[in-house]
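1. with the input below, show me the fold.
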Amino acid sequence: MNAVVGKVLIVDDESVVRLNLAAFLEDEGFEVTVIANGEDALKMLAETPIDVAVIDLRLPGIDGNGVILRAVEIQPRVKFLIHTGSVNYQLPAALRRLGIEDEHVFQKPIEDMAVIVEAVRHLMGERET
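-> Next up is the predicted model:
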């Protein structure tokens with residue numbers, strides 16, 4: 001078993017997506033928490049430190065953009081990846097100001113999960129500096 005290399009939060013309302021991402025990241029040594037909606041994610045973030053959050057945009061209740069904007073108020077050092085099925089998504093200026101760039105946005109479905117692992121590792125490296 002690999003040593004834990006970081007804590008990842010996956011917020012997605014599709015259980016298959018959550019579980020597939022979680023299984024892949026856990027196999028790579030990450031400690032993963034999965035949550036189905038933004039409200040529960042924000043409650044969890046208030047109690048548990050996370051390194052990287054993978055956020056779906058279309059969530060019941062508060063959407064992914066809103067989750068990210070509130071999450072940085074709770075945990076300013078957390079880094080984000082956006083995982084969306086929307087082909088027309090444009091990063092809002094408020095998220096760009098947080099350091100989120102186009103390279104942090106991934107389209108569903110992801111055929112090669114290794115790209116998510118590399119993106120998570122990259123963000124964790126940035127977080128440690």
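2. against Ala71, how distant is the residue lying closest to Arg70 once chain neighbours are set aside?
-> With sequence-adjacent residues excluded and distances taken as Cβ to Cβ, 6 or more residues apart in numbering, Arg70 is closest to Leu42, at 5.5 Å. For the C-beta atoms, the positions are set from N, CA and C on the backbone; glycine is no exception. Distance of Leu42 to Ala71, given as Cβ to Cβ, to the nearest Å: 7 Å.
3. then Glu101?
-> The gap separating Glu101 from Ala71 is 17 Å, by Cβ to Cβ.
4. between the two, which has more neighbouring residues?
-> Ala71 (24 against 10; other Cβ atoms under 10 Å).
5. check the more buried one and give its pLDDT.
-> If you check Ala71, the pLDDT there is 98.
6. mind listing what it touches?
-> Applying Cβ atoms under 8 Å, 6 or more residues apart in numbering, we find Ala71 in contact with Ala41, Leu42, Leu45, Ala53, Val78, Phe80.
7. take the residues you listed and keep only those in strands.
-> Ala53, Phe80 (DSSP state E).
8. name the nearest of the contacts of Ala71 relative to Ile62.
-> Leu42 (7.7 Å; Cβ to Cβ).
9. how deep is the closest one tucked in, by neighbour count?
-> 18.
10. quick one: it and Val72, what's the gap?
-> Distance from Leu42 to Val72, by Cβ to Cβ: 11 Å.
11. okay if I get the contacts of Ala71 as a markdown table plus pLDDT and distance to Gly61?
-> Below are the contacts of Ala71 laid out as a markdown table (pLDDT from 0 to 100; distance: Cβ to Cβ, whole Å):
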| residue | pLDDT | distance to Gly61 |
| --- | --- | --- |
| Ala41 | 98 | 10 |
| Leu42 | 98 | 10 |
| Leu45 | 97 | 15 |
| Ala53 | 98 | 16 |
| Val78 | 96 | 20 |
| Phe80 | 97 | 18 |
